[in-house]
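[1] I need the structure of the sequence given here:
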Amino acid sequence: AASVLDTTVRASAAIAEHYLHRGDRVSLLEYGPAARRLRPATGRRQYLTVLEWLLDVHVDAGGATEPYDQVFGLQLLSADALVVVLTPLLDERSAQMLARLARSGRFVVAVDTLPADLAPPKDRGWAEVAYRLWRLDRDTMIAQLREHGVPVVRWAGAGSLDQVLRDVAR
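    This is a model prediction of the structure:
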């Protein structure tokens, strides 16, 4: 099964390819300790640059460093930009960042990259109860994002975002 990182990288490449084929400018920002940024551009060369940039995405195994909170600073994002954030929604900080962007008037879409078939731990005892509580907490976070006007869509391959992007375009 594909990991969250695999899903996120593949989805990023697919979304970038779609918009670049339409002639749109595409930029990538990495929310994390590195706070990497790929400048906005168009065309085939940008698509190849996006793929190369995505090859450098990796899991920060250290976990000791905090994500740079201002990586999605408003000065980096055009007021009329569509901001597509790919996230497993495991951390409240990413949800807060999404809500901040929506409150600033940006068009924001959250793409949920957590596997749908994520199974609870097989431990005995409290593991199953803890898993159910975690799922309820995550569902509440998603509902709160939707209340802020951030549509949350599960990534399921090409076409996953069609309906929500039609709604955002209106």
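[2] immediately after the top helix by length along the chain, which helix or strand?
    When the chain is scanned for its longest helix (criterion: DSSP state H), the result is helix 127-147. Later in the chain than helix 127-147, the nearest helix or strand by DSSP states H and E is strand 152-154.
[3] where does the residue nearest the centre of the chain land in three-state SS?
    Centroid check for the chain by C-alpha atoms, centre = their mean gives L86 as the closest residue, at 1.4 Å. At L86 the chain is in strand, as set by DSSP: H, G, I helix; E, B strand; the rest coil.
[4] what sits opposite it in the beta ladder?
    For L86, the beta-bridge partners are V111 (DSSP bridges).
[5] again with L38
    On the basis of DSSP bridges, L38 is bridged to L28.
[6] Residues contacting the host helix or strand of I15, please?
    In this structure, I15 sits in helix 4-21 according to DSSP H and E. With contact meaning C-beta atoms under 8 Å, 6 or more residues apart in numbering, helix 4-21 is reached by 2, 26, 28, 42-44, 46-47, 50-51, 54, 57-59, 84, 86-88, 111, 113-115, 155, 157-158, 160-161. Heads up, the C-betas are built off the backbone N, CA and C, glycines and all.
[7] looking at this, V83 is in a helix?
    No: V83 sits outside any helix when classified using three-state DSSP, being strand.
[8] What residues does the residue lying closest to A34 once chain neighbours are set aside make contact with?
    Spatial nearest neighbour of A34, excluding adjacent residues (C-beta to C-beta, 6 or more residues apart in numbering): D60 at 7.7 Å. Counting by C-beta under 8 Å, 6+ apart, D60 makes contact with G32, P33, A34.
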